[in-house]
Structure formats: structure tokens, C-alpha cells
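Engineer: quick one: sequence and predicted model below, then my questions.
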Amino acid sequence: MTDYGHDLLFGAFITPTAAPASQPVELAVVADRAGLDLATFQDHPYVSRFHDTWTLISYAAARTERIRLSGNVLSLPLRGPAVLARSHACLDRLTGGRIELAIGAGAFWDGIEAMGGRRLTAGQSVDALGEAIEVIRQVWDADEAGPVRVRGSHYEVSGAKRGPAPAHDIGIWVGAYKPRMLRLIGRAADGVLPSLSYLAGGPADYAGINRHIDDSAGESGRDPGRIRRLLNINGTFSALGRSFLDGPAEQWAEDLAGLTLEYGVSTFILATDDPAEIEEFAAEVAPAVRELVAAERGDQRS
Amino acid sequence: MTHRGRAPRFGALVTPGAEALPLARRAEELGLDLVAVPDAGEALDTWTLLGWIAGRTDRIGLLAGLEVSDREPAVLARSAATLDLLTGGRLELALTGEPGALGEAVEIIRGVLDAGEAGPVRHLGKHYRVPQAQRGPLPAHRIPIMICGSDPALARLAGLTADGYWGPEAGAILDDAAAGAGRDPAELRRIAVVPPAVTVAELTALAADTILIRTDDPDDLRRFAEQTAGLRPADPAPALQRSSSVRAKRRTGIDYDNLPAALAETAVEPGDLDYARVRSTYLRGGAPGLVLRPRTTGEVVAALGYVRAHPGLPFGLRSGGHGVSGRSTNDGGLVVSLAALDSIEILDEGRRLVRIGPGARWTSVADALKPYGWALSSGDYGGVGVGGLATAGGLGWLARKHGLTIDRLRAVEMVLADGAVVRASEAENPDLFWAVRGAGANFGVVTSFDFEADEVGSVGFAQLVVAADDPADLLVKWGAAIEAAPRDVSGQLIMGMPRPGRPAFAQLMCVVDADDPETIIDLLQPIAAVAPLYQQQVSLVPYAEVMANAADGYHQGQGDPVSRSGLIEHLTGEFGRAAARLLASGAVHWFQIRTVGGAVADVPEEATAYAHRSANFSVTVMGSSQRRVDAAWQDLYQHFDGLYLSFETDRSPTRLSDAFPPATLARLRELKRRYDPGNLFRDNFNIPAEGEPR
């Protein structure tokens, strides 16, 4: 039982389809109005049937009022850390603090290479992401004296001006499954963002994810409780409860509350392009999970 | 200040800071044409800021000043396409950088944005290596790419390749570079920046067509808007001028420059950005020389006049562009696309009368009728257009209960070959009304259809997968189950070629026009029992949901598939064995049988040009080799009594007598003589006025 006691966040994982062009924006607006906390979009810059994710986020941010936005996750190899840092800080300021930075080391290397990116090995890509996080934090640290200086083997920045500073402390969330990347998160990042459908052993795999992150955080003197545990989920709303996340909203709530109490997962991002599912998740599932978790946490405290 | 005949544009150049959005909104309110955000490097990120401004403005043009060196050009291109799509075509780019690298970047960006070009973008240059980037997404309009900077090499680059130049007076460099590249220097926009204190006299003296005031003061914007209001030409609609590179892609034999003005506004030719959206159809690649997109009946009349003036050219008529028979695109000819005539209007709620344009798609029709509890049986796919289907027959999900689509037709408005606009119904021009229902494409362009819709609420929609180890046996049993089923049940069977090492299967789909789950299940039982069931999915859904199966986006068909069609009364053992041999031959990748019969057979044979009313089934196969498909089909042919012309690609004269019984064909020929003696409407399932020479 590992519950880090984070406040709970609920989000939508929206396909950035370019046809019809306005569909992902409309879904973000639905999520905003429905009261979800997050609207997130996958990022595959080599796939031409998708919008450019960052441009979509900038535009969707302008069309929404309240909801937070992020990639899910942005592809580092084709974006570059300094541009990522500045663009996120810029939009965070424009939106009054509604932007988070979710990033991945790169997944489909054939596609990345086809677009002109460099192919890295798994180990190299972990190092590159570590360097990128360092660049990003230095750019954001606008009050610090001296220019940005990172001498990495993948990113070398010497003398770039710092800033702008974001409006709020933007979380750096990393899409990760394997030990080296999880340990990097423990050392340097603010959250881990895997997808349930990629966890071969199902939700139970989260125990291993936590162990790597927590050990590494402890070794670097960081509080593991500061690292948010996020999860992309997918499921089916159905009248009869059939299996994990396949049933009525009440069953979803129990399934998800279980993940919070068991593994400390505190952010659930539902993959869907159906406005009705977004609304049901926001109106029926999210409040019920919060209630169940609050009751359980209250009992433990008393 | 006007530059070489271009209408001038006025905009605001704002600092990329927190005030940029309010300034952009103020500029929009004041009626300025664009807001430009330069790449200041250290302030807010220009591209992000522009996306934010885009989301909170509605009309104003957006000019992004970007330094390309810290961005991947291919990613920048997709970003540009995204913002252009989201804003409905408001984006322009002003790029700067080291001249050599910038030249390469522009090439990559153009390549990615040219989504209609074949193959991936490949650029192996000194500054960038892009081995094979996918093209697209296709932006909403051709995004102008301006070159920005004071280096003469940049002016030269602008002249060579760009859509405009933003920099100091470049003298002859720009013009010479353009002329050297075979371009008309007048095609380039010139952007000039002026201070707030500019006078009207100074503005008038400028050699630029896009003038930006550099200010962050809303009062300056107001003064500038007032100053420049008088400098706009009285007639704001500039003549549509295509650049030399667009004109270079024109085809021979088409009088592009004498297109009637109304048609010219929406026409698309091979060099246009929209060409990628209109050249091909669902199943076929095409390369027409000109696509006309009339928006009114009057424009259809004008379009047909233009077609008559080009008698030697192929002429495709298109509604949704799904036509399996493939005549709605061509190579080097004319296409009249009716996509803009897509209105759906309730004429008389009491009589359930609706008026629908030929360009509407059936998914939209189903959505529009759903609130009334109505539906029209159409085909099986929502992306199909109304015009082609409703002039041929319409073999759909509700056929056995409610008949063919044409059986619900009550009147049409159409444009004849000579340009006359007529109405046809049982009372008015009844001959024409008879011909339209089954052979309409031969007689004119229907510009609106009046249908009497049926009352249809929720329906049962079943998708079953069954074993097809013995395809002949399966066909016989399925055919018998369908014939024994009440009319509430319509559906289809789909099989592909058997694959070694994998079990053979068939997909059975059914729509049951009933809203009671028990009735639906009862009616489906005998059909599900025809063979061992591998998978089943049954849902109770509005009819509109069954039709909500169309892909979004434009058609990108390739190749030229072969399709054959036959109508048959019963699926006999002999037919089943012949079909099994055809499947085993590997010549066809698609084998589909749709149910007809029921209400379809209630209509007398002579009532409409679609005459083979006694058939219970429509069989369609598709393959890629005409020789192989024809050879395999030969064995089935003897079992058929007629064909459905929309699913037939064979153009040999025998097909005419397959499609129409002798009396029907004789009457059609006589009407063709009367209504289209010159055979203007020929690129379809053509019925020549004269019979074939004996």
C-alpha cells in the first residue's frame, strides 16, 4: 500500500486528428466545460494525419478557460529542450498557469529519423532526456545569475539567456516504463506517466514503477512524495460490470480509487474521443473516486 | 503604395509580449487585415503566442515572423498546417535565417505542405537531412511563405522561390532573381514596416502591398486604421490571379481563362492547393484538368454550358465521389462536383417530405432526419453522396422493408443537356421522372431531390462473423434464411479470398427495423444459425448511427479497381458452388451480397428505369485485374438476371441489356434521343440514343 496523498486529477487523452481539423479542440472544450482537470494530446510529429501537438495545445489553450493542458507525451527528439522550455513558459504565462510539460524520450525511431531526427539507443535516450530536463529547468530559472549552461553529450547549451519564467511551477512528467528512465524520474522529474495498456502485468506493474522511482529519489535526497503518479487509462462504460474499467461509472470509481490507495496513482487520463464519455468520466467517475479516496484517507488518519 | 496591381493590405506589427493579444483583437475590431508577430528571441515564444492569438481572434490574418535555425523545418511545416487548418486559412509565414539553410528549410516546408504530391519528402542537403517525411496535413489554403531580412542573399532567395519579401528596398536583386527563375516578379508580395508617425503621403509613396505599423499602442492602431481606410480600393474583390507555377500545371484543350466568373470563384485546377482534395475519388486516383464546383442551379447551368463548349473532353459528374463504377474523375478532362449543393430541407412535416441536394452525404441525411424519427434507406455507407445513388437505385440497410431509395423519390429538379431547368414527377415530365429513377445520370444533373421519408426509429444492427469453410453451403443457407425472414430484416454478406492456414470466414451484417430487443434477437436467430458463429455484436441504435461509418477527410483513392455486378433471385447450390470457385481463384478481394426483394419487388417492373425488381440479392465482386475478374465471373454470369449499374465497371455494350430489360432499354433510348441527343452525359453507364450496330 503506497498512497502519496496527492490531490486527484482527472483528464482526457485526445487524438490530435487533423481531419476534421477542429475535433480535438472541440473535445478539449467539452473536457473544460465538463470540469476535468487536464486535456492532453499525444505527439507523433512524423504522422501527417495528426496536428502538430504543440500548436494544437496553444490554440486549444486559447479556446478553453480553466482546464490545464499538456502533451501526452511530447517527443523530445524532434522538439529540442530550449524551445520546449520557452514555449511552455510562454503559454503558462498566457494562460495564468494552466500548462504542464509531459515528455518522452522518443518512441518510434524510424519515424523520428525519417523527419530528420537522430536515432538514439535506449540508454542514450535516457541520458538525452536527463540533459534536456537540466536545460529546461535552467531556462525556467530566470532569477538565477548567469546564462543557461549545460555541457551534455546530446545537448550543449552555453550562454543562452534564461527565461521567461513560467507562471507556476510547471510539472515535468515523463512517459516511462523501464528502470533507467524511472530512476531518472526519481532524480530529476516531477511525475511519471505510463499508459495502462502498455503495462504487461496490468495495474500491478505500478508497484515496480514506484519502487524504482522511490529508491532513486531517496538516493538523491528527494522526497518521493513530490513525484506525481499519473496513468493513461482506457475502458468501456457498460451497464453491467464485466472487468476492470468495463462497467458502470460506480465500478470505474472503485477500480480507480483502488489504484490510488494501492499504488498512489493520483492522475487518471482517459483515452477517448467521445464527448459523452468525457462528460461521464467528469460527472460520474471523478467525484466518486474523490469521495472514496477521501473517505479511506480520512479513516487512516483518524 | 499599391504595388503592381495588388490590393494593399494593412496590419499591425506587435511586440511578442503579454499585450500582443489585446492589440491583435483591437486590430481585428478596427478592420485591419493582419497582425504580425516577429521572432524577438528573448521575449515570449512567437509561434506559441501566435497560436494563442489565433484561438482568441476570428478573422484577422496572422503573420508569423520566425527564425528557422532552432526549429526542425518538417515540424515547422506541420505546425503551420495545423494553425492554418484551425484558423480556416489565416496563416502566413515570414521566415528568416542564414540564407543557405533558409533556402533548404523553405524547400522542406513546401514539400511537407504539398500534401497532394506523390511520395514522401526527401531532402538531403548541406544543412538539413530529411530522409522521408510524410507529407501533410494539407493546410486550409496555400500558406504564403515570405522571406525576411536585410541580407541581399535573402532578397535573391525571395525572388527565386518565395511568395513575398520583407526587407529593405532590394533594387533589381529581387526582380532579377524572380525573372531568372522564370517567375513574374509581380507575384511577390512586398512587406513594409512604418512608424506610428507615418503620413498618408508617405504611405502612398511606398512600394509595398502589405504595410505594417510598428506599435504597441492601441491609439496608434486606431489612427492607422482611419488613415488607411481611404487608401483601400473601392472594389475590394481582387481578380483571382494564379501564379505562373500554378498555370504551368494546366492541361491542354481547356479554356481556363474564359470560365464564367461565378464558376471561377470555386473552380480548382491542377496547380491549386485544393486540387489534392478534389482530384481523386473514394476508390480511384484521378487527374482532371479542371474541377467545377457550382453552388446553385444557375451555376450548374453555366457549368454544363462550359462542358458543352469542350465536346472532346472527358466529363465526370460527381456528388459524393464514391461511385464504384468510377466515372466521377478522369485524366485531363472536366469534372463537375456537386458537393456544394448539399442542403437538406424539411418541406412538409405532415407528409414527411424533404428536399435534398445531390452533394449531401447520406450520413448527413440520416443525422438530419433522426430528430423527426424518420430515415431514408440509401446504401450501406454514410460517405456516399445523394446524387449518384438516388439516380441509380439505392440498395440499402432498409431495402426489404422500405424499398429502394428511388422508390421514396417524389420529384426532382434537374438541368438537362441543353441547359433547361425542369421539374420531373409523376405529374410533370413523367417520362423523365421514370428515367431518372434508375438511369438518371444519362439525362441530366439533378439539383434537388424531393423524398418522402419513412418513419424509422432505433434499429437492431448486427455484425456477425461466421465460419465459411464451405462457402457454397453458407451462401445457400444464408440466402434461404434471408428469404424466409420478414421484411424487417435487410443485410449483407461479405467474403474475401481464402488465406492459407487461416479459417475461412464470412461477415454477416443485418439491420432489423424494430426497436424491441427481443424481436430483434428472434429475427436474427435463424440468420446467426447458418454457420458456426465466431463473433457477434448486436446493438440497438438509431439508424443514423448505422450510417455514421464514413471516414472524414478527402478522398485519396488510387488505382483503378474492376467491379462486376449481378442481380439474382435465389442463391442456389449451383450458384454457391460457382461463387466458391470464384473466391478460390483469388481473382477478387471483395465479394459482397446485399439483400433486395421485399418492398423492392412490390414496385412493378415498368414503373421505373430500375427494372429487375424480382431479384432478392445483389452480388458485387471487386478485383484489380480485369482479365482475371472477368474470367472468374464468367462462371457466375449465367445465374444472374440483371445487374446494378452503380457496381459495374465493364463498358461493353452487352452490359446495357443486362442492366435493362428490352422494353426498358428501348424506352430509355427513345428518351435519350429526346433529352440528350448529343450524348453530353456520356461518361456514366451510358445509353446511346441509337442501339449498337447489329
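Structural biologist: Sure, I can see it.
Engineer: every contact and neighbour count from this point should use C-alpha atoms.
Structural biologist: Noted.
Engineer: and residue B:247, what does it touch?
Structural biologist: Contacts of residue B:247 were listed using C-alpha atoms under 8 Å, 6 or more residues apart in numbering or on different chains, and they are residue B:271.
Engineer: check it and give its pLDDT.
Structural biologist: pLDDT, residue B:247: 91.
Engineer: quick one: name the residues of the stretch 1-150 of chain B near chain A.
Structural biologist: B:18, B:42-45, B:47-49, B:51-56, B:70-72, B:74-75, B:78-79, B:81-83, B:85-86, B:128-137 (C-alpha under 8 Å from any C-alpha of the partner chain).
Engineer: can you pull out the helices in chain A?
Structural biologist: Secondary structure of chain A (DSSP state H): helices at A:23-34, A:53-63, A:81-94, A:109-114, A:122-140, A:179-188, A:206-219, A:249-263, A:275-280, A:286-301.
Engineer: could you dump those to TSV with mean neighbour count?
Structural biologist: What follows is these, written out as TSV (neighbours: other C-alpha atoms under 10 Å in any protein chain shown):
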stretch	mean neighbour count
helix A:23-34	22
helix A:53-63	26
helix A:81-94	24
helix A:109-114	19
helix A:122-140	21
helix A:179-188	23
helix A:206-219	19
helix A:249-263	21
helix A:275-280	18
helix A:286-301	15
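Engineer: out of those, which gets nearest to residue B:649?
Structural biologist: With C-alpha to C-alpha as the measure, helix A:23-34 is the member of the helices of chain A nearest residue B:649 (36.7 Å).
Engineer: that older thread, restricted to buried residues, select the residues of the stretch 1-150 of chain B next to chain A in ChimeraX.
Structural biologist: A single ChimeraX command selects the buried members of the residues of the stretch 1-150 of chain B next to chain A (16 or more other C-alpha atoms under 10 Å in any protein chain shown):
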select /B:44,45,47,48,49,51,52,53,54,55,56,72,74,75,78,79,81,82,83,85,86,128,129,130,131,132,133,134,135,136,137
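Engineer: nearest spatial neighbour of the residue in chain A positioned nearest to chain B, skipping sequence neighbours?
Structural biologist: Going by C-alpha to the nearest C-alpha, chain B is nearest to residue A:116 of chain A, at 4.3 Å. Distance criterion C-alpha to C-alpha, 6 or more residues apart in numbering or on different chains; nearest residue to residue A:116, sequence neighbours excluded, is residue B:130 at 4.3 Å.
Engineer: give the full set of residues in contact with the one you found.
Structural biologist: Residue B:130 touches A:113-116, B:74, B:108, B:121-124, counting by C-alpha under 8 Å, 6+ apart.
Engineer: need the worst-confidence member of those.
Structural biologist: Within the contacts of residue B:130, pLDDT is lowest for residue A:116, at 87.
Engineer: spit out the contact partners of it.
Structural biologist: Contacts of residue A:116 (C-alpha under 8 Å, 6+ apart): B:72, B:128-131, B:133.
Engineer: quick one, phi/psi of it?
Structural biologist: phi 110, psi 10 (degrees, to the nearest 10).
Engineer: look at residue B:242 and report its pLDDT.
Structural biologist: pLDDT, residue B:242: 85.
Engineer: output the worst-scoring helix or strand of chain A on mean pLDDT as PDB, nothing but the C-alphas.
Structural biologist: Lowest on mean pLDDT, DSSP states H and E among the helices and strands of chain A sits strand A:156-160, with a mean of 87. Extracted C-alpha coordinates of strand A:156-160, given in PDB (Å, rounded to 0.1, in the frame of the first residue of the first chain):
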ATOM      1  CA  GLU A 156      25.100  21.500 -25.400                       C
ATOM      2  CA  VAL A 157      23.900  24.900 -24.400                       C
ATOM      3  CA  SER A 158      26.400  27.600 -23.400                       C
ATOM      4  CA  GLY A 159      25.400  31.100 -22.800                       C
ATOM      5  CA  ALA A 160      21.700  31.100 -23.800                       C
END
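Engineer: list the buried residues in it.
Structural biologist: residue A:160.
Engineer: now that strand against helix A:122-140, angle please.
Structural biologist: Here strand A:156-160 runs at 10 degrees with respect to helix A:122-140, directions being taken by axes from the mean of the first three to the mean of the last three C-alpha atoms, to 10 degrees.
Engineer: what angle separates strand A:156-160 from helix A:81-94?
Structural biologist: Interaxial angle of strand A:156-160 relative to helix A:81-94 (the same axes, to 10 degrees): 50 degrees.
Engineer: strand A:156-160 pairs with which strands, parallel or anti?
Structural biologist: Taking DSSP bridges as the criterion, strand A:156-160 forms sheet pairs with strand A:148-151 (antiparallel).
Engineer: burial check on residue B:502, number of neighbours?
Structural biologist: Around residue B:502 sit 7 other residues, with neighbours defined as other C-alpha atoms under 10 Å in any protein chain shown.
Engineer: out of the contacts of residue B:130, what pair is the most spread apart?
Structural biologist: Longest distance between any two of the contacts of residue B:130 is 14.9 Å, between A:113 and B:108; criterion C-alpha to C-alpha.
Engineer: mark which of the residues of the stretch 1-150 of chain B next to chain A are part of strands, please.
Structural biologist: B:129-133 (DSSP state E).
Engineer: neighbours around residue B:689, how many?
Structural biologist: 20.
Engineer: what do you get for residue B:227?
Structural biologist: 14.
Engineer: before we move on, what about residue A:50?
Structural biologist: Counted with other C-alpha under 10 Å, residue A:50 comes out at 22.
Engineer: ok, and the closest non-adjacent residue to it?
Structural biologist: Of all residues not flanking residue A:50 in the chain, residue A:17 sits nearest, at 4.5 Å (C-alpha to C-alpha, 6+ apart).
Engineer: give me the pLDDT for the one you found.
Structural biologist: 95.
Engineer: how much space separates it from residue B:81?
Structural biologist: 12 Å (C-alpha to C-alpha, to the nearest Å).
Engineer: shared neighbours of these two, anything?
Structural biologist: residue A:51.
Engineer: so who does residue B:608 touch?
Structural biologist: Counting by C-alpha under 8 Å, 6+ apart, the residues that residue B:608 touches are B:434-435, B:437-438.
Engineer: where does the stretch 51-200 of chain A have low pLDDT?
Structural biologist: Counting by pLDDT under 70, not a single residue of the stretch 51-200 of chain A qualifies.
Engineer: coming back round to it: can you redo the ones in strands among the residues of the stretch 1-150 of chain B next to chain A as a markdown table with pLDDT?
Structural biologist: As requested, these are exported to a markdown table (pLDDT from 0 to 100):
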| residue | pLDDT |
| --- | --- |
| B:129 | 93 |
| B:130 | 94 |
| B:131 | 93 |
| B:132 | 93 |
| B:133 | 93 |
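Engineer: which ones are touching the residue in the stretch 351-500 of chain B positioned nearest to chain A?
Structural biologist: For the stretch 351-500 of chain B and chain A, the shortest gap (C-alpha to the nearest C-alpha) falls at residue B:383, measuring 14.0 Å. Residue B:383 makes contact with B:320, B:322, B:361-363, B:549-551, according to C-alpha under 8 Å, 6+ apart.
Engineer: now narrow those to whatever sits close to chain A.
Structural biologist: Taking C-alpha under 8 Å from any C-alpha as the test, chain A is in contact with none of those.
Engineer: let me know the pLDDT of residue B:318.
Structural biologist: 97.
Engineer: surely it touches residue B:328?
Structural biologist: Yes - the pair residue B:318 and residue B:328 passes the contact test of C-alpha atoms under 8 Å, sitting 4.9 Å apart.
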